[in-house]
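Novice: Sharing a model prediction with you, sequence too.
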Number of protein chains: 2
Amino acid sequence: MALQSYNPKINQAFGEILAESTLGEIDLKVSQSKHAFETWSVSSGQQRAEFLEALAAELESHRESLVQRADQETALGLPRLNGELDRTCFQLRRFAQIALSGQAFKYFVDPAVAGAPPVGHPALLKLKIPLGPIAVFAASNFPFAFSVLGGDTASALAAGCTVVVKGHPAHPQLTVDIMTLIDTVQRKLGLPGVITLVQGQSFEIGYHLIEHPFIAAGAFTGSTRGGAALQAKANARSRPIPFYGELGSVNPIIALPDGISTHEKEMASTLAGSISLGCGQFCTSPGVVILIDEAKNIQSNDLFVFELTSSLKEQKPHAMLTSGIRSAFNFGVEQFLKFGAHPLVYELSDSIEPRPFLASVSATDFIAHEQLRDEVFGPACLIVRSASIAQTKEVLESIGGSLTVTIWGAEKKSESTVGILRSAMSIAGRVLFKGVPTGVAVSAGQQHGGPWPSSTTPMTTSVGDDAMDRFLRPVALQDYPDWVDQSKGYAI
Amino acid sequence: MALQSYNPKINQAFGEILAESTLGEIDLKVSQSKHAFETWSVSSGQQRAEFLEALAAELESHRESLVQRADQETALGLPRLNGELDRTCFQLRRFAQIALSGQAFKYFVDPAVAGAPPVGHPALLKLKIPLGPIAVFAASNFPFAFSVLGGDTASALAAGCTVVVKGHPAHPQLTVDIMTLIDTVQRKLGLPGVITLVQGQSFEIGYHLIEHPFIAAGAFTGSTRGGAALQAKANARSRPIPFYGELGSVNPIIALPDGISTHEKEMASTLAGSISLGCGQFCTSPGVVILIDEAKNIQSNDLFVFELTSSLKEQKPHAMLTSGIRSAFNFGVEQFLKFGAHPLVYELSDSIEPRPFLASVSATDFIAHEQLRDEVFGPACLIVRSASIAQTKEVLESIGGSLTVTIWGAEKKSESTVGILRSAMSIAGRVLFKGVPTGVAVSAGQQHGGPWPSSTTPMTTSVGDDAMDRFLRPVALQDYPDWVDQSKGYAI
């Protein structure tokens, strides 16, 4: 299957036709990566930092052309894409700092204890080693920050792993442009093959990559279906490997009885903006809002729904990333209606720019029909009217896994707020007490990944400093010679 | 299928016939565990420590009868079983200390930074929460240390998880005895259901448990085949869960050219003891010894093989755990011979006590036939004659994953020793520079778990302090209210 750029704004293919990588080419790229791993895995923190810094600088120095190209292929708009490029460079530089700090080479010394076991034991030194070549699967919705030079690549490089990127077919030309910049840097620094690229639309491309015996782990950002298919391949290998998939999520917002009173209009407006931000094409887009109806606040809740309906109608989401995503949005919305959701904002359209969608459903129906809990990628949101804190917990339990849960109105400690927080934590990787879930800080305390279906490995994060740990494996050295101890600050 | 004790020494079933848990009973036990989790998950470190200490004390106060019972059902012998009980109590007490130290409640505060993203970000607090009820699958070969109150249970309890143990059918009565003691402690401390038990031989029992929607993770010690089957079920759930399997391993020992010279007899004798220790029924039993034949040391290697052959012939392994394990041993040994291994110690027998097995094979043959790389559970070892350091690396690569690799003769830093260490680390969780791999210290720096097939999750350890991390999931709280911060030292 050939690859070609697609301009969502005019719903048309354009530009050069690119060939998919052949299976032989994939083998070659993986072999180059394996070869490069031999030296990159024992590189110093300083070498890693230099490479990451140089990549950031190269991206920035071609900002204008890259952002233009990205906009042609994604329709995400120049302000957003400039911001995303900033974030991508920030990530690369942050992992440069982490590499420089020696974080990847930290080890723990457990000195020998004399005597018989279980009390006595030999000397142990526990360190971490980079896994090997990593298959990074780029996402369509973040052409910079979760693509060729995104967080997975940056954190894998800082760990001492090499990377084979599978470019996303929704921005093939941008992918080529960025790979060209990378190769310039790799040539300059004498690091051929540390990052290599394969491209294609066929499932076979991704499967061949994740099944390759030299690949040590996979990192993926995208749909639950796509991630699950790749994970199944990773598990079915004769030697299974870790697969880090950041998948779909409905990101419920819970308005506790005190959560919105007197601020209905303002909060509705903020939420409407979050629902349609980037045309709702975020893994943290709020897809479910749970309103708890008690006598004292049912009027406030009704007013909030009214304001949200008005606000959302005014939103004008831009074109979606691909025609496939666009038709999936219509299908998802129809499913909601079919399973009993009452439409509030619903303007059927086949235009490339979808209209936002808002519907309301009872908690009982929401719990009864799993189809209402599916993520609809795009500017769609379901309002769930819940009768109590207890029923709200059941709603969360029925969702089961989410990147985020947002709780409005938990400023005071009470049995209710503690109970809801516990429920929220039991299904999510990040719990917010203010604002909206869109926007994920690249920071030391971040956790981006929750229970299935939001991620395949909720014990790890794909954003923030701890993302590097996904690519390091612990090893204990027992009764080690003196020369091992001298390696402090450097890979062995 | 009914359960009955089996005395390996006389190859006879004995004692009471126990019923397998029904599927309804399993559901009940899991529900009790889920209910108990509601309070246990928010218990203090002190409560966890008290429970773990009380369990250790209870085990010790019934030492004599428990060890007797274990010996009847396993034939492992009183000295070993007394030592294993010591180790089990040590583990419980160590996790009591870890719980008391507040390790499970540690969190990281990432204060807000003013300004626009990516530099500016909201306040984040990253903590860890217990996963939920854990299915612990007991092992046959460690009736105490990897069974009902073994390391998986101790570390899960310290993390704030409850445990549903699937007892191993090779020691059903010991399992019942220990569960009776646990129930005494649980009644006394008012902790019903924190540990519950299911029993059975049918695969269905284990499958039903790992597939139960309330179960949050599985922890398993046993064969690669058994672990892989359970892992497949964990992955195939509508909501997949983590599965921590500690599986099979051949634990190669590499004798570098300087590794055994002048100590042939002594090292052969130590190794023969390790091969037949506990009748070879250890996950760390040395199954492969790689000798590097250079002109200067080929005579020493030959002498070592001669001494090992003599020493091993003198060993008198005790009866194996089950008749199934006994017949699998014969089958495995025959496979080795079929694929070109030359026997050195080989006395065919159908007796319950197997004779040790030793054979020799070229590195070329070892790499060519994967059947030679299979773990044979029991006192069997293959000597692999390698021509060079480079070929030795290929041998390790062909093995692919192991709990341990032992390197003899790496006291001095050289290209060879560094190269072999890197190769060893790339396939193993623990690398030893002295002695033999049997014996796994329960310690802060331990790593028990390597790449497939030695474990399903090589980023984690099933022995040592870090084992608790398997049962805690990170959560970030964003813009959290003051009351959350007051929870320091306690679960929220």
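Specialist: Yep, it's here.
Novice: hang on, isn't residue A:163 packed against residue A:30?
Specialist: No - using C-beta atoms under 8 Å, residue A:163 makes no contact with residue A:30, being 10.9 Å away. Placement of C-beta: from N, CA and C, glycine included.
Novice: ok, those two, which is more surrounded?
Specialist: residue A:163 (28 against 23; other C-beta atoms under 10 Å in any protein chain shown).
Novice: which residues does that one contact?
Specialist: Counting by C-beta atoms under 8 Å, 6 or more residues apart in numbering or on different chains, residue A:163 touches A:33, A:133, A:134, A:136, A:152, A:153, A:156, A:157, A:194, A:195, A:196.
Novice: about what we covered before: which neighbours do residue A:163 and residue A:30 have in common?
Specialist: The contact sets of residue A:163 and residue A:30 overlap at A:133, A:196 (C-beta under 8 Å, 6+ apart).
Novice: thought residue A:294 was touching residue A:257?
Specialist: Yes - in this structure, residue A:294 is within contact of residue A:257 by C-beta under 8 Å, at 5.0 Å.
Novice: ok, these two, which is more surrounded?
Specialist: Neighbours per residue (other C-beta under 10 Å) separate residue A:294 from residue A:257, with residue A:257 holding more: 19 against 14.
Novice: Could you pull up phi and psi at the closest residue to residue A:207 other than its chain neighbours?
Specialist: Excluding the flanking residues, the one nearest residue A:207 by C-beta to C-beta, 6 or more residues apart in numbering or on different chains is residue A:233, at 5.2 Å. Main-chain dihedrals, residue A:233, degrees, to the nearest 10: phi -70, psi -40.
Novice: For residue A:39, grab the count of nearby residues.
Specialist: Neighbours around residue A:39, by other C-beta under 10 Å: 14.
Novice: Would you quantify the distance from it to residue B:389?
Specialist: 19 Å (C-beta to C-beta, to the nearest Å).
Novice: The longest helix along chain A: what's the following helix or strand?
Specialist: Longest helix of chain A, by residue count under DSSP state H: helix A:78-100. Scanning forward in sequence from helix A:78-100 by DSSP states H and E, the next helix or strand is strand A:108-110.
Novice: Would you mind pulling the contact partners of that next one?
Specialist: Strand A:108-110 has contacts (C-beta under 8 Å, 6+ apart) with A:121, A:123, A:124, A:125, A:126, A:127, A:485, B:443, B:444, B:445, B:446.
Novice: returning to what we had before: quick one: which of the contacts of residue A:163 is most hemmed in?
Specialist: Going by other C-beta under 10 Å, residue A:152 tops these with 32 neighbours.
Novice: Wait, that residue touches residue A:139, no?
Specialist: No - using C-beta under 8 Å, residue A:152 is not in contact with residue A:139; the gap is 9.4 Å.
Novice: got the contacts of strand A:108-110 as CSV, with pLDDT and distance to residue B:93 columns?
Specialist: Shown next, in CSV, are the contacts of strand A:108-110 (pLDDT from 0 to 100; distance: C-beta to C-beta, whole Å):
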residue, pLDDT, distance to residue B:93
A:121, 97, 15
A:123, 97, 22
A:124, 96, 19
A:125, 95, 25
A:126, 95, 21
A:127, 95, 27
A:485, 72, 30
B:443, 97, 13
B:444, 97, 14
B:445, 97, 18
B:446, 98, 16
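Novice: Among these, name the buried ones.
Specialist: Among the contacts of strand A:108-110, those scoring as buried are A:121, A:123, A:124, A:125, A:126, A:127, B:443, B:444, B:445, B:446 (criterion: 16 or more other C-beta atoms under 10 Å in any protein chain shown).
Novice: do you know how far the first one is from residue A:18?
Specialist: Just to be clear, that refers to residue A:121. 58 Å.
Novice: Enumerate every residue touching residue A:434.
Specialist: Residues near residue A:434 by C-beta under 8 Å, 6+ apart: A:408, B:122, B:478, B:479.
Novice: Any idea what residue A:128 is bridged to?
Specialist: Legend: beta-bridge partners of residue A:128 under DSSP bridges are residue A:474.
Novice: sorry, back to before: give me the subset of the contacts of residue A:163 lying in helices.
Specialist: Among these, the ones falling in helices (DSSP H) are A:33, A:152, A:153, A:156, A:157.
Novice: Return the distance of the fourth one relative to residue A:105.
Specialist: As judged by C-beta to C-beta, residue A:156 and residue A:105 stand 16 Å apart.
Novice: Equivalent analysis for residue A:380, please.
Specialist: For residue A:380, the distance to residue A:105 equals 46 Å [C-beta to C-beta].
Novice: For the closest residue to chain B within the stretch 151-300 of chain A, which non-adjacent residue is closest in space?
Specialist: Distance from chain B to each residue of the stretch 151-300 of chain A (C-beta to the nearest C-beta) is smallest for residue A:239, at 4.6 Å. Residue nearest to residue A:239 in three dimensions, not counting chain neighbours: residue B:452, with 4.6 Å by C-beta to C-beta, 6+ apart.
Novice: Could you check the pLDDT of the one you found?
Specialist: Residue B:452 carries a pLDDT value of 95.
Novice: Also residue A:486?
Specialist: On the pLDDT scale, residue A:486 is placed at 62.
Novice: Tell me which residue in the stretch 351-492 of chain A sits closest to chain B.
Specialist: Using C-beta to the nearest C-beta, the single residue of the stretch 351-492 of chain A nearest to chain B is residue A:445, 2.9 Å away.
Novice: Name the SS class of that residue, please.
Specialist: Secondary structure, DSSP: H, G, I helix; E, B strand; the rest coil: residue A:445 is coil.
Novice: What separation is there between residue A:261 and residue A:289?
Specialist: Noted for residue A:261: a distance of 15 Å to residue A:289, by C-beta to C-beta.
Novice: Of these two, give the one with the bigger neighbour count.
Specialist: Between residue A:261 and residue A:289, counted using other C-beta under 10 Å, residue A:289 has the larger neighbour count: 26 against 17.
Novice: Beta-bridge partners for that one, please?
Specialist: Here residue A:289, judged by DSSP bridges, has bridge partners residue A:253, residue A:383.
Novice: I figured it hits residue A:386, correct?
Specialist: No - if you go by C-beta under 8 Å, residue A:289 and residue A:386 don't touch, sitting 10.4 Å apart.
Novice: how far away is the residue of the stretch 101-250 of chain A found nearest chain B from residue B:464?
Specialist: Here the residue of the stretch 101-250 of chain A nearest chain B is residue A:110; by C-beta to the nearest C-beta that distance is 2.9 Å. Per C-beta to C-beta, residue A:110 is found 9 Å from residue B:464.
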